[in-house]
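Below are the sequence and a predicted model; questions follow.
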Amino acid sequence: MKAKIINLGYQGSGITTLNKALEHMGYKVWNDLLPVFPDMMDDHLSPVRKKMSNYQVFSGLPWSNHYHNLQSLFGKENIKFILSVRDPEEWYESVKKAHKQYSHPVLKHLFKGRSASKKSTKKALIKEYKEHNISIMDQFSEDSEKLLILEYGKHQDWDRICEFLNVKKPNKLFPKLKDDFKKSSKFNIFSNRIMNKLSL
């Protein structure tokens, strides 16, 4: 049985490319959007848990901020973690541009009604982004075999990922994609139902 993979990186850090690469490797990636909220894995989401069992990969928010809950759900020994990182300034420019163009629940969560053009917003988001990445690295400092760090634009090839997951390299070129908020800008019926149940 394939291990579950949680990509702990935020949207805008290269997770679209990583998702496509993992699909080429035979993993089933969860692409349904869910709202981002503090008690994501509480009893209200029992239908999500059943559906999640059919998938192996969960990327970005909200999963990246709830990986402890996912460990409890699937078992720590059955999960591997990947952290996609990117230069903070480049990451901010990516999400700011997307925020101006698209309606997306992750972007709404990140900006929380703040103007993308304000310096205070930029400072706050970059601080949050850095703290998230540092906290992940600290968390896995004594369990490093469970975490793979992929740097945007540098580690986009099969070698590191396949070695980490102990799988063969696909007979395909490594995908070269950009994080695309537009393609996933709408909730599907299932996710809408969850949102309504939680009155968000």
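Thanks, I have it. Numbers count the residues shown, from 1 in each chain.

how far is the lengthiest strand in the chain from where the chain is centred?
Identified as the longest strand of the chain according to DSSP state E is strand 79-85. Here the centre of strand 79-85 is set off from its chain's centre by 9 Å, with C-alpha atoms, centre = their mean, to the nearest Å.

Show me what counts as buried in that strand.
79, 80, 81, 82, 83, 84, 85 (16 or more other C-beta atoms under 10 Å). Bear in mind the C-beta positions are built from the backbone N, C-alpha and C, glycine included.

same question, stretch 14-21
14, 15, 16, 17, 18, 19, 20, 21.

Report the separation between the fourth one and residue 7.
When distances are taken as C-beta to C-beta, to the nearest Å, residue 17 and residue 7 turn out to be 11 Å apart.

do the first one as well
Summarising the geometry, the distance separating residue 14 from residue 7, computed by C-beta to C-beta, is 9 Å.

Over to the fifth one?
According to C-beta to C-beta, residue 18 stands 6 Å off from residue 7.

Could I get the full set of strands for this protein?
Using DSSP E, strands in the chain cover 4-7, 57-59, 79-85, 147-151.

Adding mean pLDDT and distance to residue 26, write those strands out as a markdown table.
Formatted as a markdown table, the strands of the chain follow (pLDDT from 0 to 100; distance: least, C-beta to C-beta, whole Å):
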| stretch | mean pLDDT | distance to residue 26 |
| --- | --- | --- |
| strand 4-7 | 94 | 12 |
| strand 57-59 | 92 | 11 |
| strand 79-85 | 93 | 15 |
| strand 147-151 | 93 | 17 |
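
now those strands as TSV including distance to residue 71?
Below are the strands of the chain laid out as TSV (distance: least, C-beta to C-beta, whole Å):
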stretch	distance to residue 71
strand 4-7	9
strand 57-59	12
strand 79-85	6
strand 147-151	13
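
Quick check: which of those strands is nearest to residue 104?
Shortest distance between residue 104 and the strands of the chain, using C-beta to C-beta, is found for strand 57-59: 14.1 Å.

what's the distance between the closest one and the middle of its chain?
Relative to the centre of its chain, strand 57-59 is centred 6 Å away, using C-alpha atoms, centre = their mean.

residues contacting the closest residue to residue 162 other than its chain neighbours?
Distance criterion C-beta to C-beta, 6 or more residues apart in numbering; nearest residue to residue 162, sequence neighbours excluded, is residue 169 at 5.1 Å. With contacts defined as C-beta atoms under 8 Å, 6 or more residues apart in numbering, residue 169 is in contact with 158, 159, 162.
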